[in-house]
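> Sequence and computational prediction follow.
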Amino acid sequence: MNRLTILAFGTFLGATLPAAAQQEYGPWRMHEWMGWGWGGMWLGPLFMLVVLGLLVAFVVALARWFGGDRGSPSVTLRGAREILDERYARGEIDRDEYLKRRQDISAA
């Protein structure tokens with residue numbers, strides 16, 4: 001090694017070692033430098049859980065949208081007129097009652 005390399009290396013060590021010895025490097029020191037305090041230690045993981053929950057909800061919504069919701073039975077809503085027609089067809093009510101109730105439904 002020549003003298004210039006040794007001098008440059010010595011200058012580098014002389015400038016950096018005292019500065020590094022004075023600073024305390026630790027896992028909590030970073031948050032103090034950034035001005036977060038202890039809140040950053042809790043908000044980061046909490047935010048990641050929220051993001052993960054949103055991702056899971058998005059995947060479930062996509063699966064239901066593309067796959068269809070086959071688990072729930074289809075509910076058909078029948079109107080009053082359809083129920084009245086079925087009762088008349090089964091013979092539960094006679095013609096006069098059927099006509100009277102059909103007129104009542106039409107008037108409502």
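Sure, I can see it. Just so it is clear, the model here is predicted, and its values are computed rather than measured. Numbers count the residues shown, from 1 in each chain.
> Next, the buried residues of the helix or strand hosting S106.
Here S106, judged by DSSP states H and E, is contained in helix 95-107. Neighbour counts over helix 95-107 (16 or more other Cβ atoms under 10 Å) mark 98, 101 as buried. Any C-beta I mention is one placed from the backbone N, CA and C, and that applies to glycine too.
> Show me what it is packed up against.
helix 80-90 (3 or more Cβ pairs under 8 Å, 6 or more residues apart in numbering; DSSP states H and E).
> In contact with W42, which residues?
Contacts for W42 (Cβ atoms under 8 Å, 6 or more residues apart in numbering) come out as none.
> What distance do you get for it to L49?
11 Å (Cβ to Cβ, to the nearest Å).
> With D85 instead?
In terms of Cβ to Cβ, D85 sits 55 Å off from L49.
> More neighbours: which of those two?
Between D85 and L49, counting by other Cβ atoms under 10 Å, D85 is the more crowded of the two (14 against 10).
> which residue ranges form the helices in the chain?
3-22, 29-34, 39-67, 80-90, 95-107 (DSSP state H).
> Now the longest one: buried residues?
Residues of helix 39-67 classed as buried: none (neighbour count, 16+ other Cβ under 10 Å).
> per-residue pLDDT, E82?
Looking at E82, its pLDDT stands at 92.
> do the one 4 residues further on as well
Per-residue confidence for E86 comes out at a pLDDT of 93.
> same deal with R95?
Value for R95, per-residue pLDDT: 93.
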